[in-house]
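K.L.:
I'd like to go over a predicted model; first the sequence, then the structure.
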Amino acid sequence: MEHRPVNTIQGHNNTIKVNDLSSQIKLIVKDGNDKTVSLENKIEYFYLYKDNKKFFTVDDIEFTDDGLLFRIPPLRRGLYKIEIKDTDGHIYPAGDDVEILLIESFEGGKEAKFITMKDSVLKDVPEIVINYMEENPEKFKGDKGDKGDKGDKGEKGDTGQKGEQGIKGDRGFKGEKGEKGDKGDKGDKGEQGIKGDRGFKGEKGEKGDKGDKGEQGEQGIKGDRGFKGEKGEKGDKGDKGEQGIKGDRGFKGEKGEKGDKGDKGEQGEQGEQGPAGEDGARGPKGDKGDTGPQGPKGEQVEQAYLHGLLRGDITGLQAAPTDVRIATVDSTLTVDENNNVLLDPGVWAIHLNVYMSPINYDSSAFVSIFHNGNQVSLLSLYGDSQKRGSLSHVMKVKKGDNVSIKAYKTSSGGDVSFGATANNTINIYKVGV
């Protein structure tokens, strides 16, 4: 049976330089009935490929009335096949006879030829082989060889595909009438038939004997109300009835007119004394008192301090805050590699001035003082402009204690930092023992 592709592609252009990314190749796409198919706005993919492993997408496509134009993307030399799938699920072409051949040119560039596999095999290859054999016959003619042994019997070929169903034959002649069959079994009882029409009225029978008296029937339905009787004569006056139930309280009457002023009453007894009044105004300042005795001399606090700058970007969130870098300006204290300030035993005062620079961050930011890794004071900064504020804390520490500064933000998006301004400062003083 002849193999006929469902969908085909025909090419009109056949030669193009590889590095020529401006010229176009024209294709005409047809279905199984050899009708031109328009793929405008219907291409799901357009690939060039040569080894079924790597596919190169063709994106530069234009559509015409009878087909499409495309430009080849930069490719290495080789033989490439074409495959186009539309949004309805059709794939063009159905066969593998349309390919792109990329070869080197004499100038060291590349040349692309748009050919069909059928034309390449049937035209170019036989002609090249025949010409070479005719020009070099001595290379193909040798001494006559001995007769070869008879070859083994070949294996049985595979079973061929099942053929298509044959055309339906003509209807046969009518057969002779068969013999009468045996009587069949009695059938099941059929359904009840439709009720027949009412029969004619029969003749009137003779009068029967009087029946016994029946039981009393149920009470009949109450009759309609009778007509109103005539008005009777006036009866005698009845006895006085009992006093009725007390009625509801009547509505409040209107306010009466103001009465005349009464006579002045007698003077009452004297009442109890009232509460004391408010304190009077403060009196004038008294004379200065004598100087008291001098108190005992206090303990001297050794001078210990740190003046530094807060530096670095804030990237951490609340669960993992950022360690703020402390750049020392003047200090008698030690700042270790983890930005912990080491303190001697005593009472210390810590003061921060914060002036952050949010570049594209408009959520909240927080700065905290930590004592031995525990948060002891927090500064909250809001707004989308420069975030500024100050924070102070006084605490008593023991030998080996340290303080550090940590910061975090509530949102991972955006950038915010202490920047390079001199307004981000940290000052630590020892104020007591």
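P.N.:
That came through, no problem.
K.L.:
contact partners of stretch 390-401?
P.N.:
Contact with stretch 390-401 is made by 342-354, 367, 369, 371-372, 376-379, 403, 431-432, as judged by CB atoms under 8 Å, 6 or more residues apart in numbering. (Glycine included, C-beta is placed from N, CA and C.)
K.L.:
which of the residues you listed are buried?
P.N.:
Buried members of those, scored by 16 or more other CB atoms under 10 Å, are 343-344, 346, 348, 350, 352-354, 367, 369, 371, 377, 379, 403.
K.L.:
reformat those residues as TSV; add distance to G181 and secondary structure.
P.N.:
Below are the buried ones among the contacts of stretch 390-401 laid out as TSV (distance: CB to CB, whole Å; DSSP: H, G, I helix; E, B strand; the rest coil):
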residue	distance to G181	secondary structure
L343	121	coil
D344	126	coil
G346	127	strand
W348	122	strand
I350	118	strand
L352	115	strand
N353	118	strand
V354	112	strand
V367	109	strand
I369	113	strand
H371	113	strand
S377	112	strand
L379	110	strand
V403	116	strand
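K.L.:
closest to K409 among these?
P.N.:
Each of the buried ones among the contacts of stretch 390-401 was checked against K409 using CB to CB; the closest is V367, at 10.5 Å.
K.L.:
OK, contacts around that closest one?
P.N.:
324, 352, 354, 378-379, 381, 389, 391, 405-407.
K.L.:
now V403
P.N.:
340-341, 343, 348, 350, 369-371, 397, 428.
K.L.:
again with S377
P.N.:
Contacts of S377 (CB under 8 Å, 6+ apart): 350, 368-369, 391-393.
K.L.:
what's the span of stretch 132-145, first residue to last?
P.N.:
24 Å (CA to CA, to the nearest Å).
K.L.:
could I get the average pLDDT for it?
P.N.:
Averaging pLDDT along stretch 132-145 gives 73.
K.L.:
same thing with stretch 100-116?
P.N.:
Stretch 100-116 comes out at a mean pLDDT of 53.
K.L.:
same question for stretch 422-433.
P.N.:
Stretch 422-433 comes out at a mean pLDDT of 91.
K.L.:
any idea how far that stretch is from the chain center?
P.N.:
A distance of 50 Å separates the centroid of the chain from that of stretch 422-433, by CA atoms, centre = their mean, to the nearest Å.
K.L.:
repeat that for stretch 249-264.
P.N.:
80 Å.
K.L.:
pull the CA atoms of that stretch into CSV?
P.N.:
Listed next in CSV are the C-alpha coordinates belonging to stretch 249-264 (Å, rounded to 0.1, in the frame of the first residue of the first chain):
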residue,chain,number,x,y,z
ARG,A,249,-54.7,53.9,87.9
GLY,A,250,-55.8,56.9,86.0
PHE,A,251,-53.5,59.2,84.1
LYS,A,252,-51.5,61.9,86.0
GLY,A,253,-53.5,65.1,86.1
GLU,A,254,-52.0,68.4,85.0
LYS,A,255,-49.8,70.4,87.4
GLY,A,256,-51.8,72.8,89.6
GLU,A,257,-51.0,76.5,90.0
LYS,A,258,-48.4,77.6,92.4
GLY,A,259,-49.7,78.2,95.9
ASP,A,260,-49.1,81.2,98.1
LYS,A,261,-45.9,81.4,100.0
GLY,A,262,-46.1,79.9,103.5
ASP,A,263,-45.2,81.6,106.8
LYS,A,264,-41.6,81.6,108.0
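K.L.:
where in the stretch 251-400 of the chain is pLDDT low?
P.N.:
By pLDDT under 70, the low-scoring segments of the stretch 251-400 of the chain are 253, 265, 267-283, 292, 295-301, 383-386.
K.L.:
show me where it has strands.
P.N.:
305-311, 322-323, 325-331, 334-335, 341-342, 346-358, 365-371, 374-381, 387-397 (DSSP state E, counting those that start in this stretch).
K.L.:
that older thread, I'd like the contacts of V403 as TSV, with distance to V6 appended.
P.N.:
TSV is the format used below for those (distance: CB to CB, whole Å):
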residue	distance to V6
N340	78
V341	81
L343	86
W348	88
I350	83
I369	78
F370	75
H371	81
V397	88
I428	85
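K.L.:
wait, which of the residues you listed is closest to K231?
P.N.:
Using CB to CB, I369 comes nearest to K231 of the contacts of V403, at 108.2 Å.
K.L.:
spatially nearest residue to the closest one, not counting backbone neighbours?
P.N.:
Leaving aside its sequence neighbours, I369 sits nearest to S377 (CB to CB, 6 or more residues apart in numbering; 4.3 Å).
K.L.:
need the helices for this structure, in chain order.
P.N.:
117-119, 125-135 (DSSP state H).
K.L.:
mind checking how far stretch 338-350 is from the chain centre?
P.N.:
Worked out by CA atoms, centre = their mean, stretch 338-350 lies 49 Å from the chain centre.
K.L.:
show me what that stretch is in contact with.
P.N.:
301, 304, 306, 323-326, 333-336, 369, 377, 392-405, 426-433.
K.L.:
now list the buried members of those.
P.N.:
304, 306, 324, 326, 333, 335, 369, 377, 397, 401-405, 426, 428-430.
K.L.:
for S357, name its beta-bridge partners.
P.N.:
On the basis of DSSP bridges, S357 is bridged to S417.
K.L.:
check contacts around it.
P.N.:
S357 neighbours (CB under 8 Å, 6+ apart): 386, 416-419, 421.
K.L.:
how about Q216?
P.N.:
Taking CB under 8 Å, 6+ apart as the definition, Q216 has no contacts.
K.L.:
distance of it from K222?
P.N.:
18 Å (CB to CB, to the nearest Å).
K.L.:
just M356 next, same as before
P.N.:
97 Å.
K.L.:
show me which of these two is the more surrounded one.
P.N.:
M356 (24 against 6; other CB atoms under 10 Å).
K.L.:
can you name the residues that contact that one?
P.N.:
Contacts of M356 (CB under 8 Å, 6+ apart): 314, 365, 381, 386-388, 416-419, 424.
K.L.:
so which of these comes closest to F140?
P.N.:
Nearest to F140 among these, with distances taken as CB to CB, is S417, at 83.7 Å.
K.L.:
can you report how many residues lie near that closest one?
P.N.:
S417: 20 neighbours (other CB under 10 Å).
K.L.:
about what we covered before: can I get the contacts of M356 in TSV including distance to Y80?
P.N.:
Below are the contacts of M356 laid out as TSV (distance: CB to CB, whole Å):
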residue	distance to Y80
I314	55
A365	58
L381	62
Q386	61
K387	60
R388	65
V416	54
S417	54
F418	59
G419	57
N424	63
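K.L.:
just the buried ones out of the residues you listed, please.
P.N.:
So, by 16+ other CB under 10 Å, the buried ones in the contacts of M356 are 314, 365, 381, 387, 416-419, 424.
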